[in-house]
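Student: no sequence on this one, just coordinates:
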């Protein structure tokens, strides 16, 4: 019997990333088509206060991860001013300010893909949103169809094309906003 199928009945848990997860995160990252995150970059993300770092586990095994960055209200695109041209922050009021997240990275171990783990991780970020104007954004490479489809399946919509966002590759600015 396939190990994946044998373990599939175990409960999926999503929790905050911990330093002890580093070896498995690096292993999963190497399985991606174009690994960009090193052990040092994962460490830095865990030590930065503006990041939300999640891992998905089945049993005691990390099977996926997702990393997002909290974006200040006056920097809606996380430094990508071109992506936000024409967008303005909602007016401030007596209530708490809106929350903006930028999805930085999502990956699932090869043996665990197509089991809903990526969708569960991405959907977990919705718990940080409270107001109608809160949103999550992601710049997705034009050639990364699996992530485009994952985000679309969880309610993200393409807002615009970001020309040459990844050097010579265009990206889609995708956004999830509470309805």
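Tutor: Structure's in. What do you need? Only a predicted model underlies this, so the values are computations on that prediction, with no experimental measurement involved.
Student: quick one: the helices in this structure?
Tutor: 3-7, 22-31, 39-47, 117-124, 145-153 (DSSP state H).
Student: name the stretch among these that sits most buried.
Tutor: helix 117-124 (a mean of 20; mean count of other Cβ atoms under 10 Å). Quick note: C-beta positions are derived from backbone N, CA and C, even for glycine.
Student: how far does that helix sit from its chain's centre?
Tutor: 8 Å (Cα atoms, centre = their mean, to the nearest Å).
Student: what's that helix packed up against?
Tutor: Applying 3 or more Cβ pairs under 8 Å, 6 or more residues apart in numbering; DSSP states H and E, we find helix 117-124 packed against strand 12-16, strand 51-58, strand 61-71, strand 100-108, helix 145-153.
Student: okay if I get the helices of the chain as TSV plus distance to residue 97?
Tutor: Below are the helices of the chain laid out as TSV (distance: least, Cβ to Cβ, whole Å):
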stretch	distance to residue 97
helix 3-7	42
helix 22-31	31
helix 39-47	23
helix 117-124	22
helix 145-153	25
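Student: can you list these in a markdown table and add mean pLDDT?
Tutor: Output for the helices of the chain, formatted as a markdown table (pLDDT from 0 to 100):
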| stretch | mean pLDDT |
| --- | --- |
| helix 3-7 | 43 |
| helix 22-31 | 94 |
| helix 39-47 | 90 |
| helix 117-124 | 95 |
| helix 145-153 | 94 |
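Student: can you get me a residue count around residue 72?
Tutor: Residue 72: 11 surrounding residues under other Cβ atoms under 10 Å.
Student: leaving out chain neighbours, which residue sits closest to it?
Tutor: residue 100 (7.9 Å; Cβ to Cβ, 6 or more residues apart in numbering).
Student: correct me, but residue 103 touches residue 71?
Tutor: No. Under the criterion of Cβ atoms under 8 Å, residue 103 is not in contact with residue 71, lying 10.7 Å apart.
Student: what residue lies at the spatial centre of this structure?
Tutor: residue 103 (3.6 Å; Cα atoms, centre = their mean).
Student: that residue bridge partners, please.
Tutor: residue 68, residue 138 (DSSP bridges).
Student: tell me how far it lies from residue 48.
Tutor: Computed as Cβ to Cβ, to the nearest Å, the residue 103 to residue 48 distance reads 15 Å.
Student: contacts only, for residue 55.
Tutor: Residue 55 is in contact with 14-18, 21, 25, 62, 64-65, counting by Cβ atoms under 8 Å, 6 or more residues apart in numbering.
Student: could you rerun that using 7 Å?
Tutor: 15, 17, 21, 62, 64-65 (Cβ atoms under 7 Å, 6 or more residues apart in numbering).
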